[in-house]
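K.L.:
My questions are about this predicted structure, shown below with the sequence.
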There are 2 protein chains.
Amino acid sequence: MTAGFRDTRPSPAQPVTISDVAEAAGVSRQTVSNVLNAPDRVRAETRERVTKVIADLGYHPNHMARSLRASSPRMIGCRIQPLHAETVAAIQDRFLHALAEAGQECGHHLLLFAAADVAAEAEQCTALWRAGAVSGVVLYDITPDDPRPGRLTAAGVPFTAFGRTAVGTESYSWADVDNTAGTASAVDHLVAAGHRRIGFLGWPEGSSAGDARAHGWLTAVDRHGLLAASHRLDVRGDDTTTTGSRLMRELLDRPGPPTAVVAATDTFAVGALHAVRDQGLRPGRDVAVVGFDDSPAAAAMGLSSVRQPIKEVGRLVMAEVLRLTGRPPGADGEPPQEPLHRLLAPELVVRASSAPSQGSPPAGSDASPLCL
Amino acid sequence: MTAGFRDTRPSPAQPVTISDVAEAAGVSRQTVSNVLNAPDRVRAETRERVTKVIADLGYHPNHMARSLRASSPRMIGCRIQPLHAETVAAIQDRFLHALAEAGQECGHHLLLFAAADVAAEAEQCTALWRAGAVSGVVLYDITPDDPRPGRLTAAGVPFTAFGRTAVGTESYSWADVDNTAGTASAVDHLVAAGHRRIGFLGWPEGSSAGDARAHGWLTAVDRHGLLAASHRLDVRGDDTTTTGSRLMRELLDRPGPPTAVVAATDTFAVGALHAVRDQGLRPGRDVAVVGFDDSPAAAAMGLSSVRQPIKEVGRLVMAEVLRLTGRPPGADGEPPQEPLHRLLAPELVVRASSAPSQGSPPAGSDASPLCL
DNA sequence: AGCCTCCGTGTGAACGATAAAATCGAGGGT
DNA sequence: ACCCTCGATTTTATCGTTCACACGGAGGCT
């Protein structure tokens, strides 16, 4: 049934405290504390003795006690969203992982909570902060008219956002991927490959990232003087492969069909690839496709895609929220800290779906053959 | 730059404590505490007065202080994995959300951390528990020879797993989806539809869920007396649509090709659907396909799929780990608690990819038309 | 009247850790 | 011999909350 009746000593029934260590080492509590927090104040000999006892007893400083004393919980709050779409999900996963990893390096952990909607999320954030359970919070998936930044600012909760609203972005800290530059670089790449009619597949207007991606496509097409040829090749729908397929078929059926498309997500792009092949066209040779997000599926299928530096965003956002919580801005006369506004450049990963003419790439190259 | 220079009162620079409330209400700390934790011990009149002051001052009990006093952090630890495959990711998202939601109902939160591998994860779990940062931990994505349950048991860390190892399952608490029953029900469904040669697409041996799904297919096929016709139709590879496609093509090229396949994941299944259509066959009519996980993609594409009751698993796992942490098993003479072993039945969601003969289903039915 | 009980409230201690201040001993300068 | 400094360590106080107990007054019972 259970392992053994009397454990040797690996799992102490009573957790070992700093006093236990002090007693065992023949010093006072504070000396043990100094060994851990200010080793230079302790004589080398004593330090070694205490360190050994700490290891022997398996002592770990109590997180709650430390947080209480420092009145800093060393926790960053973050909501986990229910599964909306596949794309969001994939990003959420990677973002949360990046946050957790970045926080861990400075001894901070992630406190995850669920909330029904953004209003409930803002309330939760405020409550958690007031209760001293988190020193700050992270927001993501920001919509243009998102109420969260405003409410948290009003409540005085330190936070940093991945993404930004349409207005008021100067008053809070955020980091965002330059979606506009992402789709623009995709267009540049396609133009350089000789394409002149370049379509766009994306969400309907109303999302922050989506609108920026559409805008990047539009301005880049215009900049290359291809607006007249391309501006009718802008189609929108919800983010599924099915819709991507349908939209692409529509485009190909038009009088002046595109020779290349930029998709707002890999999901759209995968759907588009199917549609291309359905029409008996060769993806990458007859019609080029570039996706967005560089999902595992893109790598597997040889789909060119714009890679978001999610890990970097996570690091930045975590670093910023920690900076904000470092010294509360309410403190005496201190000048209020300048909020962070950072736009990170995404990176276009070229694969077979948009560069078949590359010939046989060297082994291990990212431009793997298109196998659909 | 910043909103205002002197906030009216919404964000108190100094957090309001229980003593502040006590002073403002003209009672002692303990009375305020009683109002919150044992209202029946306080006279109604006093209770109302204190409650009002609490609301006015916006008092929230300090989480850290409460945890320290109770020596129970009301936190459950859980690792977040880096993105392995798409399938894992989708499940991870939903599982973490289910956990967070279930925990919230009893005032518990999720502490997320990153770890390079299972060994590091076990170490982190132990450290977090020793440090009193979590009252217990949750494991998931368990492999047959997973070292985590053993190590955590040895360290005395309360935990519950989503999934189980090959041996020793009786000594720890777990909940799992009955993967075997899932693929078996898919086979039953296909047999009922008249299929006799039923293939299987899955991972190579070595994963817990994967082996169980393969086993379910095999035993069900055998039970229906179709082993001879089907046993050579078992193909394996990594979990990508590309591989799914390739494997399906292989199956269809064989002498006695399958008229239906059961896939270990929706990813395999989506790939299989592509291959079917490539051969000029009609998915659902000529060749039936059933996936696993009921991902959003499956719903969108009309792919029949076995749905895992993730939400229910999350609730169960959270409830169990809270039960385990309720009273430490090390306490005096108390009989050790019986660990939980629970197998949850998945549910087959039939859609067009395996039941085209259903004709036009009533509007809103799950058996939506197959649009690939 | 005297004693016990019960109810509402207040006081002291403790949870485990750490910042700040006090203490102690050794050495150095005059 | 005295004072001073300096480094190593201990003592004291504190973070915000809750448990265990003490206290005082009202009421009932003998």
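P.N.:
Arrived safely.

K.L.:
State the number of residues packed around the residue of the stretch 101-250 of chain A found nearest DNA strand C.
P.N.:
The stretch 101-250 of chain A approaches DNA strand C most closely through residue A:107 (11.0 Å), counting by Cβ to the nearest atom of the strand. Glycine gets a C-beta too; all of them are placed from N, C-alpha and C. For residue A:107, the count of nearby residues is 8 (other Cβ atoms under 10 Å in any protein chain shown).

K.L.:
Next up, the contacts around the residue lying closest to it once chain neighbours are set aside.
P.N.:
Using Cβ to Cβ, 6 or more residues apart in numbering or on different chains and skipping residues adjacent in sequence, the residue nearest residue A:107 is residue A:74, 5.9 Å away. Neighbouring residues of residue A:74 by Cβ atoms under 8 Å, 6 or more residues apart in numbering or on different chains: A:63, A:66, A:67, A:107, A:108, A:109, A:135.

K.L.:
Just say helix, strand or coil for the fourth one.
P.N.:
Right, residue A:107. Secondary structure for residue A:107, judged by DSSP: H, G, I helix; E, B strand; the rest coil, is coil.

K.L.:
Next, it: phi, psi?
P.N.:
Main-chain dihedrals, residue A:107, degrees, to the nearest 10: phi 70, psi 20.

K.L.:
Checking residue A:261 next. Helix, strand or coil?
P.N.:
Using three-state DSSP, the structure places residue A:261 in strand.

K.L.:
Look up how far residue B:200 lies from it.
P.N.:
According to Cβ to Cβ, to the nearest Å, residue A:261 and residue B:200 sit 36 Å apart.

K.L.:
Have a look at those two and say which one is more surrounded.
P.N.:
Under the criterion of other Cβ under 10 Å, the comparison of residue A:261 against residue B:200 puts residue A:261 first, with 34 against 27.

K.L.:
Tell me how far that one lies from residue A:197.
P.N.:
10 Å.

K.L.:
Need the overlap of contacts for those two.
P.N.:
residue A:233.

K.L.:
Let me see the contact set for the nearest residue to residue A:319 once chain neighbours are set aside.
P.N.:
With sequence-adjacent residues excluded and distances taken as Cβ to Cβ, 6+ apart, residue A:319 is closest to residue A:102, at 7.0 Å. If you count contacts by Cβ under 8 Å, 6+ apart, residue A:102 has them with A:314, A:315, A:317, A:318, A:319.

K.L.:
swap in residue A:110?
P.N.:
Taking Cβ under 8 Å, 6+ apart, we find residue A:110 in contact with A:75, A:76, A:77, A:78, A:96, A:99, A:100, A:103, B:80, B:111, B:112, B:113.

K.L.:
cutoff 10 Å now
P.N.:
Counting by Cβ atoms under 10 Å, 6 or more residues apart in numbering or on different chains, residue A:110 touches A:75-78, A:80, A:96-97, A:99-104, A:134, A:138, A:318, B:78, B:80, B:110-114.

K.L.:
same thing with residue A:255?
P.N.:
Counting by Cβ under 10 Å, 6+ apart, residue A:255 makes contact with residue A:232.

K.L.:
same thing with residue A:163?
P.N.:
By Cβ under 10 Å, 6+ apart, the contact set of residue A:163 is A:139-144, A:146, A:149, A:169, A:174-177, A:179, A:207-209, A:212, A:313, A:317.

K.L.:
rerun that using 6 Å as the cut-off
P.N.:
By Cβ atoms under 6 Å, 6 or more residues apart in numbering or on different chains, residue A:163 lies in contact with A:142, A:176, A:208.

K.L.:
okay, now the last one: neighbour count?
P.N.:
Residue A:208 has 19 neighbouring residues, counting by other Cβ under 10 Å.

K.L.:
any idea how far chain B is from it?
P.N.:
Residue A:208 sits 21 Å away from chain B, going by Cβ to the nearest Cβ, to the nearest Å.

K.L.:
What residues does chain A have near DNA strand C?
P.N.:
Residues of chain A found near DNA strand C (Cβ under 7 Å from any atom of the strand) are A:15, A:17-19, A:29-30, A:33, A:36-38, A:59-62, A:65-66, A:68-70.

K.L.:
of those, list those near chain B.
P.N.:
Residues of the residues of chain A next to DNA strand C in contact with chain B (Cβ under 6 Å from any Cβ of the partner chain): A:60, A:62, A:65, A:68.

K.L.:
burial of the third one, as a residue count?
P.N.:
Applying the criterion other Cβ under 10 Å, we find 18 residues in the vicinity of residue A:65.

K.L.:
Next: residue A:253.
P.N.:
9.

K.L.:
coming back round to it: put together JSON lines for the ones next to chain B among the residues of chain A next to DNA strand C, with distance to residue B:277 on each row.
P.N.:
Below are those laid out as JSON lines (distance: Cβ to Cβ, whole Å):
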{"residue": "A:60", "distance to residue B:277": "57"}
{"residue": "A:62", "distance to residue B:277": "60"}
{"residue": "A:65", "distance to residue B:277": "62"}
{"residue": "A:68", "distance to residue B:277": "62"}
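
K.L.:
ok, which of these also contact DNA strand D?
P.N.:
For DNA strand D, the contacts drawn from those by Cβ under 7 Å from any atom of the strand are A:65, A:68.

K.L.:
Which member of the ones next to chain B among the residues of chain A next to DNA strand C is positioned nearest residue A:290?
P.N.:
residue A:60 (49.5 Å; Cβ to Cβ).

K.L.:
quick one: pLDDT of the closest one?
P.N.:
If you check residue A:60, the pLDDT there is 95.

K.L.:
OK, contacts around it?
P.N.:
B:127, B:130, B:131.

K.L.:
If we ignore the residues flanking it in sequence, what's nearest the second one?
P.N.:
Using Cβ to Cβ, 6+ apart and skipping the chain neighbours, the partner closest in space to residue B:130 is residue A:60 (4.1 Å).

K.L.:
What strand or helix carries that neighbour?
P.N.:
Secondary structure from DSSP states H and E places residue A:60 outside every helix and strand.

K.L.:
Against residue A:17, how distant is it?
P.N.:
Separation of residue A:60 from residue A:17 (Cβ to Cβ) stands at 10 Å.

K.L.:
just to revisit the earlier point, turn the ones next to chain B among the residues of chain A next to DNA strand C into a markdown table, columns for secondary structure and distance to residue B:234.
P.N.:
Formatted as a markdown table, these follow (DSSP: H, G, I helix; E, B strand; the rest coil; distance: Cβ to Cβ, whole Å):
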| residue | secondary structure | distance to residue B:234 |
| --- | --- | --- |
| A:60 | coil | 48 |
| A:62 | coil | 53 |
| A:65 | helix | 56 |
| A:68 | helix | 58 |
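
K.L.:
Out of the ones next to chain B among the residues of chain A next to DNA strand C, the closest to DNA strand D would be?
P.N.:
For those, the nearest to DNA strand D is residue A:68 (4.3 Å; Cβ to the nearest atom of the strand).

K.L.:
Pull out the C-alpha coordinates of stretch A:315-327 and format them as CSV.
P.N.:
The C-alpha trace of stretch A:315-327 is given here as CSV (Å, rounded to 0.1, in the frame of the first residue of the first chain):
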residue,chain,number,x,y,z
ARG,A,315,11.9,38.0,-21.0
LEU,A,316,11.2,41.7,-21.6
VAL,A,317,7.8,41.7,-20.1
MET,A,318,8.9,39.9,-17.0
ALA,A,319,11.9,42.1,-16.6
GLU,A,320,9.7,45.2,-16.9
VAL,A,321,7.1,44.1,-14.5
LEU,A,322,9.8,43.3,-12.0
ARG,A,323,11.4,46.7,-12.5
LEU,A,324,8.0,48.3,-11.9
THR,A,325,7.5,46.4,-8.7
GLY,A,326,11.1,47.1,-7.6
ARG,A,327,10.3,50.4,-5.9
